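Visitor: Structure, please.
(one chain, ligands or ions: 3)
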Amino acid sequence: MRVLAMFSLMYDDVTIYYFSGTGNALTASRWITESAKKKGRQTNLISIDRIKKIAVPAAAGKRLLGFCYPTHGFGIPWIMLKFIFKFPGRERCDVFLMNTRAGSKIGKLFLPGVSGIAQLLPALILLGKGFRIRGLLPLDMPSNWISIHPGYNPAAVAALLARCCVRVDGFSERILSGRAYFRPNVLVMLPVDMALAPVAFMYFLYGRFFLAKVFIAATDCDTCRLCEQKCPTASIRIVDNRPFWKFTCESCMRCINVCPRRAIQVSHLLAVIIPVVSSFLPIALLLAIFNSYIPSSLMKPADFIIDWGISLTLFFVISGLVFWLIRIKWINQLFSATSLTKYWRRYMAPGIKPKDF
Ligand SMILES: Cc1cc2nc3c(=O)[nH]c(=O)nc-3n(C[C@H](O)[C@H](O)[C@H](O)COP(=O)(O)O)c2cc1C
Ligand code: SF4
Ligand code: SF4
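Guide: Ligands and ions are numbered 1, 2, ... in the order given. Alright, predicted model coming up:
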């Protein structure tokens, strides 16, 4: 009993830094802070959206820090990774990481998402800064990746959330009492997660930029600017009375889901055009020209960087051209009608409203 009493005094203060595109990570962070409040702990829930300077609030006593974010491309969103990189080091301060993933429900079957290096990479950075990792929780919330599938129906969403809520309760109970929490299959999943590191790396280099460039605004847009105001990375600029997406976009899916007119679409036609046009361009010829100026020992990395630069330029040029062309009504209608998102259900975590961001 005395041991339990000692554990229950373990932390006086719980501070969670979160990034959340569509409210899953925010909902899960709230579950933890509510549990901590019920146990009489002081809590802080801090959004890292557009944060300029990291101010760590003064702790009332012994502090537990949490970082909560979605999984993107088998990794951690760039905005959160940058934040963790910049986070001031604290010797022996306790932290936990919680990454929300793409959980799904097919019939009665619950399928988990895949973390890849979404936990491993930030955990290593935090360890390097002197923190003690006390818990790692991957959480299979309803998938918000509506560029590739429709938003789930309300019954599936409710069932997935109910399971996650129970899991978070167990996690909070354990971690707030000072005990460590690591999922039992952590060692089984480790090789799978590590094998996905190259894919996560390619997502960082290509995927996230490509996804940023396939958003379009349909003619239904009335320039209310809500998407611009709510974007966590200030990646939307209003040009010619329509949103334009910059490369800094994290593809977090917030804008497409908050738009009151459902005017934002992921253009699947554009997603096909970009690689097709790229495959016709004489990239090999361009590389050969560049290669004649590069020493042979540096050829491979130089080719990789040049190829990357050419791809990004192509994403930019082709999507820029389409942005300009969709001012013409029938072209806009063509791109909208061939966007699967026009017909798909949207996703926002239940209870989360645009004002929460
Ligand atoms: C661009 C993008 C990439 C994603 N990549 C993954 C992934 O690699 N693994 C996974 O399990 N879920 C993935 N997801 C799903 C989200 O991580 C998941 O739905 C998360 O709960 C969303 O949280 P949020 O609402 O707080 O942003 C991805 C979602 C998006 C939009
Ligand atoms: S939120 Fe929708 S309607 Fe408003 S500016 Fe953005 S795209 Fe247009
Ligand atoms: S532009 Fe949209 S998808 Fe991209 S970061 Fe902003 S809100 Fe998220």
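
Visitor: Next to ligand 1, which bits of this structure? Give me the list.
Guide: Counting by CB under 6 Å from any ligand atom, the chain comes close to ligand 1 at 20-25, 70-74, 100-102, 113-114, 116, 141, 143-145, 211, 251-253, 349. C-beta coordinates here come from the backbone N, C-alpha and C atoms, glycine included.

Visitor: now, which of the residues you listed lie within strands?
Guide: 70, 100 (DSSP state E).

Visitor: okay, Val258: pLDDT?
Guide: For Val258, the model assigns a pLDDT of 97.

Visitor: Now for the closest residue to it other than its chain neighbours: which residues touch it?
Guide: The spatially closest residue to Val258, leaving aside those adjacent along the chain, is Pro354, at 4.7 Å (CB to CB, 6 or more residues apart in numbering). By CB atoms under 8 Å, 6 or more residues apart in numbering, Pro354 lies in contact with 226, 230, 258.

Visitor: confidence score at the closest residue to Ser339 other than its chain neighbours?
Guide: Using CB to CB, 6+ apart and skipping the chain neighbours, the partner closest in space to Ser339 is Gln265 (3.6 Å). Gln265 is assigned a predicted lDDT (pLDDT) of 96.

Visitor: check which helix or strand covers Gln265.
Guide: strand 264-266 (DSSP states H and E).

Visitor: Which segments of the chain make up each domain?
Guide: By the record's domain assignment, the chain is partitioned as 2-195, 200-342 (automatic domain parsing).

Visitor: got JSON lines for those domains, with mean neighbour count too?
Guide: Below are the domains of the chain laid out as JSON lines (neighbours: other CB atoms under 10 Å):
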{"stretch": "domain 2-195", "mean neighbour count": "18"}
{"stretch": "domain 200-342", "mean neighbour count": "16"}
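
Visitor: Ligand 3 is nearest to which of these?
Guide: Judged by CB to the nearest ligand atom, the one of these that comes nearest to ligand 3 is domain 200-342, at 3.2 Å.

Visitor: Let me see the contact set for the closest residue to Asp140 other than its chain neighbours.
Guide: Residue nearest to Asp140 in three dimensions, not counting chain neighbours: Gly103, with 2.9 Å by CB to CB, 6+ apart. Neighbouring residues of Gly103 by CB under 8 Å, 6+ apart: 110-113, 139-143, 160, 163-164.

Visitor: got the residues of this structure near ligand 2?
Guide: Contacts of the chain with ligand 2, taken as CB under 6 Å from any ligand atom, map to 217, 221-227, 243, 259, 261, 263-264.

Visitor: From Arg327, how far out is Asp240?
Guide: 7 Å (CB to CB, to the nearest Å).

Visitor: Mind jotting down where the helices sit in the stretch 201-350 of the chain?
Guide: Along the stretch 201-350 of the chain, counting by DSSP state H, counting those that start in this stretch, helices occupy 208-212, 226-230, 254-258, 268-280, 283-291, 299-325, 329-337.
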